[in-house]
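Chemist: kindly generate the corresponding structure for this input.
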Amino acid sequence: MSKKFKLLALLMTLSITMCIMSNTYSKYAADTTGNLEVTFAKWQILVNTTDITDGVSRTLTITPTIDTNANVAANKIAPASTGYFDIEVDPSNAEVSFNYTITLSGDNNIPDVKMTKYAILDENYTPGDTIEKTNITNNQITGTQNYSAGGFDPFTIRVYFEWIEGNGESMDDDDDTAIGHAATNQATDSMEMTASIHFEQKIS
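Modeler: The predicted model follows:
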């Protein structure tokens, strides 16, 4: 993780000499040095409660939410299923503006499961509130958080996905069926989606 800080350090030296001559040759002198202390801006960002700004690479397991479908068992995915997963970002202990980039990739074995949209939810979001969704392009989500005197509030990046059926699908019915058979035989019973997240201080 790139950490870029600009520190302005000032050292001020004050030298005061007082000369008093009143019928004598007395001379008084005094010297002092004043130091101006400047502290580093904080840089800590949590993703799903894990600190990801300490230079250590981590793999976080994110549990998706599968939308209810009367024709599919609960919390299972099949052709035409939809769902989402949340990336919870807590920058409340950061004191610099920052950019973020999320690079998404799906499961190569199920190319018809695509991440299609995302939304930014603030900390006051409650289920049922209107959500403004944005199309995902080039499998990336980018954004900027600008620092203000009040600091940052936590926010959530919600990523939506769907198993495409019809227009735009690349798997035929036989391919879809093969996935179901593999799950039945316990050869595979899950899929993986990856979100690689990068945060960097905004310089200008």
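Chemist: quick one, strands of the chain?
Modeler: Along the chain, counting by DSSP state E, strands occupy 10-18, 28-36, 46-47, 50-51, 65-66, 82-90, 98-105, 113-122, 134-135, 140-145, 155-163, 194-201.
Chemist: give me the residue at the spatial middle of the protein.
Modeler: Note on the chain: the residue nearest the mean C-alpha position is Val89, at 5.2 Å, using Cα atoms, centre = their mean.
Chemist: just so I know, which of the strands of the chain lies nearest Ala74?
Modeler: strand 65-66 (7.7 Å; Cβ to Cβ). In short, each C-beta sits where N, CA and C put it, glycine included.
Chemist: strand partners (parallel or antiparallel) of the closest one?
Modeler: Taking DSSP bridges as the criterion, strand 65-66 forms sheet pairs with strand 82-90 (antiparallel).
Chemist: orientation of the strand it pairs with relative to strand 113-122 in degrees?
Modeler: Computed by axes from the mean of the first three to the mean of the last three Cα atoms, to 10 degrees, the angle separating strand 82-90 from strand 113-122 equals 40 degrees.
Chemist: which residues does strand 82-90 contact?
Modeler: By Cβ atoms under 8 Å, 6 or more residues apart in numbering, the residues outside strand 82-90 that reach it are 45-49, 62-67, 77, 100, 102, 121, 154-163, 193, 195, 197.
Chemist: again, but for stretch 63-70
Modeler: 74-78, 80-86, 161, 193.
Chemist: give me the distance from that stretch to the chain's centre.
Modeler: 23 Å (Cα atoms, centre = their mean, to the nearest Å).
Chemist: could you do stretch 34-54 as well?
Modeler: 15 Å.
Chemist: endpoints of that stretch, how far apart?
Modeler: End-to-end distance for stretch 34-54: 34 Å, by Cα to Cα, to the nearest Å.
Chemist: could you export stretch 145-161 as PDB, CA atoms only?
Modeler: The C-alpha coordinates for stretch 145-161 follow below in PDB (Å, rounded to 0.1, in the frame of the first residue of the first chain):
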ATOM      1  CA  GLN A 145     -13.300  10.700  -0.400                       C
ATOM      2  CA  ASN A 146     -12.300  14.300   0.400                       C
ATOM      3  CA  TYR A 147     -11.200  15.100   3.900                       C
ATOM      4  CA  SER A 148     -13.200  17.800   5.800                       C
ATOM      5  CA  ALA A 149     -12.800  19.200   9.300                       C
ATOM      6  CA  GLY A 150     -15.400  16.800  10.600                       C
ATOM      7  CA  GLY A 151     -13.500  13.800   9.400                       C
ATOM      8  CA  PHE A 152     -14.800  10.700   7.600                       C
ATOM      9  CA  ASP A 153     -17.900   8.600   8.300                       C
ATOM     10  CA  PRO A 154     -18.000   4.900   7.500                       C
ATOM     11  CA  PHE A 155     -19.700   3.900   4.200                       C
ATOM     12  CA  THR A 156     -20.600   0.700   2.400                       C
ATOM     13  CA  ILE A 157     -20.000  -0.200  -1.300                       C
ATOM     14  CA  ARG A 158     -22.700  -2.600  -2.300                       C
ATOM     15  CA  VAL A 159     -21.900  -4.700  -5.400                       C
ATOM     16  CA  TYR A 160     -24.800  -6.300  -7.300                       C
ATOM     17  CA  PHE A 161     -24.400  -9.500  -9.400                       C
END
